[in-house]
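[1] 3D, please:
(chains A and B)
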Amino acid sequence: MIYFDNSATTKPNEEVLDTFHKVASIYYGNPSSVHSFGLQTEKLLAQARRQIASLLNVGESEIYFTSGGTESNNLAIKGVANQFRNRGKHLITTKIEHPSVENACEYLKKDGFDITYLPVDENGRIHLDDLKKAIRDDTILVSIMHVNNEIGVIQPIEEIGSLLQNYPKILFHVDVVQGIGKVPIDFHKSQIDLATISAHKFHGLKGTGALYVREGVKLTPLLHGGNQEKGLRSGTENVPGIVAMAKALRLAFEDFNQKRHEMEKIRDYLRHELIKIDQTTINTPEMHIAPHILNFSVEGFKAEVLVNTFSEKQLYVSTTSACSSKRNEPSKTLLAMGVDQKRAESSIRISLSYENTIQEAERAVKVIKSSIEKLLPVMRGSI
Amino acid sequence: MDTIYLDHAATTPVHPEVVREMVGCLEKTYGNPSSIHGIGRQARRLVDQARNLAAQSIGAKFNEIIFTSGGTEADNLALIGTAFANRNRGNHIITTSIEHPAILQTCKYLEINGFDVTYLPVDSSGRVDIDTLKKHLRDDTILVSVMYANNEVGTIQPIQEIAQLLSNHSAIFHTDAVQAYGLLPIDCEDLGVDLLSVSAHKINGPKGIGFLYAKNGVKFTPHQYGGEQERKRRAGTENVPGIVGFAKAIEIMMKKRVENFHRYEQLRRLFIDTLNDRGISFEVNGDLKNGLPHILNISFPETNVEQMLVNLDLEGIAASGGSACTAGAVEPSHVLKAMFGAHSEKLFNSVRFSFGYGLTEENIQKAAEKTADIVKRLTS
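    Below you'll find the predicted structure:
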């Protein structure tokens, strides 16, 4: 079996599982309880927060735990909008964000906010000039993803951060869900105010994520109740999940450069081999890209057909992002890059993790080649 | 020293079978349920099965269950979601003064946003009065939220009667069943509620997962946008292992519910009898006849709750003052305040003991004896 769909979700690492198993079995106290069962769990929670903060090179008071990437993105965007709606009702984002950013913005639109969606060029990158032009007196938030989940392009986060220093009233949110542990990013250095991470994208568990909130930034909470997470996120903390996330992040950062280099090698091998197939076009550009994502199109094929055929041969890849794959819509990132509808509809995403090997890539190429050859007469007949 | 955990209303130990089920799922079925390939579809199947079981456990339909990150999210989604979606019909909300903070704080948030909230009083047993509710019901009341059973004193509310009263009114009826689920029989149709919140970690399931029952046709806006999970009512990759663990906990609960109910009743009786045998003075807060059997809230005159808790903890007994969610800062319980008034001594000398999985009669006997010793020591 070859699992090349790590941008949709990853398999929990074994050590992470052990951690989860142990914490879930032994440390069941509620961290808000004042007795020793609670205090023990509280200690684990604090330790996890410290670990994550130190791996991300931020302060521990800047890490807030949530139920995942979607909640973090919603908390950041709606939280800023509700907190600063009296200051202004304009938000800037891009045309290629994850649905949890896009749809949070669409919701705000109905609530009277004005949203600017920045275009991207043929390489999937935004232009700083476009951002500069879009900024208005009533702009309160700029939300731009770090690594795109569909094609793997990296946005110029540090440059955006330094541009936004000229606008002290605008907050800067970055969805780093796909990039964390794969592409270096320094929240403080890039002048980021809010950043979203999700554990199940780096071999942690589903149902846990975090929002980095720069010291001093105020948000309106989404969830109200027991005032956990300093009042920003109520609800009993999912301690086993959180401790497992800290472990997963530590493992992702261990031998970071080597892991990154390995994934790059596999990605480049795949690019090199797939381009040899007559029907394929590589959609992922060659510059400013993450090590783990390669998007390509197979001319004349519906992507779903290929994904299902590969799946029968135990090669798991995806069409667009998992979160939009049910809608059966072509990748909006590719469309935003100016790729035509047909090519976008036949696009496939391979996404790697540090657990994948070059041998798997070799086998995957064989599966892809033979599937295309086998399906070719059928597809031609149908056209 | 053997520790005795008597704080099952705050959170419960995860059942070993639940952990096993989750680890198995994490190893084998780690796919994203939204993925169209085989690994994704396997995960989808597990989520579907769990949803079926969750629905079955409360007599609901498959598509009436929305998985959330827990009870707090379910409560927030229920209240904020319906309040904003039904604003065109009115802006009055009725709840009680003894709700969980997830309801009370959410109501405060709604007040800031222009809603008018009535907090119903309760009697000294912690129960709301139907006639009082009736008096406060207005044409522009869009939502009524009354907890099924209280988390601090265990008092069960007349949910069915409230539903009856509301059957001629357009207000949506929500109940926070987080403490009741697992011990009281729940059938949403019989109960007559539109929305009902449940949390897994109160029934020996994992933390970080819960569900909201939302009757078909009830209008509410989501609070989290993104993918089309949970039929667009709650975006975010499904917490598959959490959901699977939750399902296991539900399965065990459904088998053991009645047995547990009687068992905790006995444990509660044993605790009270032991205190009586030791001849200390105490008073039970709440209503033993009309309360959850696993919650025992006791006032010990001439003691101080913080002192009690510290001493209990030193003896290896975990109990609590208010609910865990308000316990971080040991503030006087808002529930006891509603029952006895702001100046009652009971606000400062009451301890909640709550029972659950794994406790033996010996544990209870010992805990009660130690409690009596501490009370004697502190009051002599």
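
[2] how about the nearest residue to residue A:95, chain neighbours excluded?
    Distance criterion CB to CB, 6 or more residues apart in numbering or on different chains; nearest residue to residue A:95, sequence neighbours excluded, is residue A:336 at 4.2 Å. Where C-beta positions appear, they are placed from N, C-alpha and C, glycine not excepted.

[3] Return the distance of the longest helix along chain A from the chain's centre.
    For chain A, the helix reaching the highest residue count under DSSP state H is reported as helix A:358-382. Centre-to-centre, helix A:358-382 and its host chain are 28 Å apart (CA atoms, centre = their mean, to the nearest Å).

[4] Going by residue numbers, what spans are strands in chain B?
    Assigned by DSSP state E, chain B shows strands spanning B:4-5, B:65-68, B:92-96, B:116-120, B:141-145, B:172-176, B:195-199, B:210-214, B:283-285, B:295-299, B:317-318, B:350-354.

[5] Run through the helices of chain B in chain order.
    In chain B, helices defined by DSSP H lie at B:16-28, B:38-57, B:71-85, B:101-112, B:130-136, B:159-166, B:188-191, B:240-277, B:305-314, B:324-327, B:334-340, B:361-379, listed in chain order.

[6] Compare those and say which comes out lowest on pLDDT.
    Of all these, the minimum mean pLDDT falls on helix B:324-327 (a mean of 50).

[7] coming back round to it: can you add mean neighbour count and distance to residue A:347 and give the helices of chain B back as TSV?
    Below are the helices of chain B laid out as TSV (neighbours: other CB atoms under 10 Å in any protein chain shown; distance: least, CB to CB, whole Å):
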stretch	mean neighbour count	distance to residue A:347
helix B:16-28	19	29
helix B:38-57	19	18
helix B:71-85	27	35
helix B:101-112	21	42
helix B:130-136	14	57
helix B:159-166	18	51
helix B:188-191	17	44
helix B:240-277	20	26
helix B:305-314	18	59
helix B:324-327	24	47
helix B:334-340	23	55
helix B:361-379	18	61
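
[8] Of all these, which one is nearest residue A:192?
    helix B:71-85 (26.2 Å; CB to CB).

[9] about what we covered before: got the buried residues for the longest helix of chain A?
    A:360, A:361, A:363, A:364, A:365, A:367, A:368, A:371, A:372, A:375, A:379 (16 or more other CB atoms under 10 Å in any protein chain shown).

[10] By pLDDT, give me the weakest of those residues.
    Across the buried residues of helix A:358-382, the bottom pLDDT score, 74, is held by residue A:379.

[11] show me the contacts for that residue.
    A:300, A:301, A:305 (CB atoms under 8 Å, 6 or more residues apart in numbering or on different chains).

[12] What subset of those is buried?
    A:301, A:305.

[13] and which of the contacts of residue A:379 is nearest chain B?
    Distance to chain B across these (CB to the nearest CB) is lowest for residue A:305, with 10.7 Å.

[14] was I right about that closest one contacting residue A:375?
    Yes. With contact defined as CB atoms under 8 Å, residue A:305 counts as touching residue A:375 (6.9 Å).

[15] I'd like to know how far the nearest residue to residue A:292 once chain neighbours are set aside sits from chain B.
    Closest residue in space to residue A:292, ignoring its immediate chain neighbours: residue A:352 at 4.2 Å, by CB to CB, 6+ apart. Residue A:352 sits 15 Å away from chain B, going by CB to the nearest CB, to the nearest Å.

[16] For residue A:352, give its distance to residue A:154.
    In this view, residue A:352 and residue A:154 are 15 Å apart by CB to CB, to the nearest Å.

[17] Compare the two (neighbour count), which wins?
    With neighbours defined as other CB atoms under 10 Å in any protein chain shown, residue A:352 and residue A:154 compare such that residue A:352 has more, 27 against 20.

[18] and the more buried one, what does it touch?
    A:4, A:6, A:263, A:266, A:267, A:291, A:292, A:293.

[19] How about the fourth one, nearest residue that isn't a chain neighbour?
    What sits nearest to residue A:266 in space, not counting adjacent residues and going by CB to CB, 6+ apart, is residue A:361, at 4.8 Å.

[20] separation between the residue nearest to residue A:95 and chain B?
    As for residue A:336, its distance to chain B is 18 Å (criterion: CB to the nearest CB).

[21] mind checking which helix or strand residue A:48 is in?
    Residue A:48 is part of helix A:36-56, with elements assigned from DSSP states H and E.

[22] And for that helix, what's in contact with it?
    Outside helix A:36-56, the residues that reach it (CB under 8 Å, 6+ apart) are A:23, A:27-33, A:59-60, A:62-63, A:65, A:187, A:197, A:210, A:212, A:237, A:239, A:242-243, A:245-246, A:249-250, A:253, B:3, B:5, B:7, B:10, B:313, B:318, B:324, B:327.

[23] swap the cut-off to 6 Å and go again
    Identification of contacts with helix A:36-56 by CB atoms under 6 Å, 6 or more residues apart in numbering or on different chains yields A:27, A:29-31, A:60, A:63, A:237, A:239, A:242-243, A:246, A:249, A:253, B:313, B:318.

[24] give the contact list for residue 200.
    Assuming you mean chain A. Neighbouring residues of residue A:200 by CB under 6 Å, 6+ apart: A:9, A:206.

[25] that answer is for a different chain, and I need it for chain B
    B:206, B:209, B:210, B:246, B:249.

[26] could you redo the residues you listed as TSV and give each row distance to residue B:25?
    Output for the contacts of residue B:200, formatted as TSV (distance: CB to CB, whole Å):
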residue	distance to residue B:25
B:206	11
B:209	12
B:210	18
B:246	11
B:249	13
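
[27] ok, and of these, which contact chain A?
    Applying CB under 6 Å from any CB of the partner chain, the subset of the contacts of residue B:200 adjacent to chain A is empty.

[28] circling back: adding distance to residue B:218 as columns, could you present the buried residues of helix A:358-382 in TSV?
    Shown next, in TSV, are the buried residues of helix A:358-382 (distance: CB to CB, whole Å):
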residue	distance to residue B:218
A:360	47
A:361	49
A:363	50
A:364	46
A:365	51
A:367	47
A:368	47
A:371	46
A:372	48
A:375	46
A:379	46
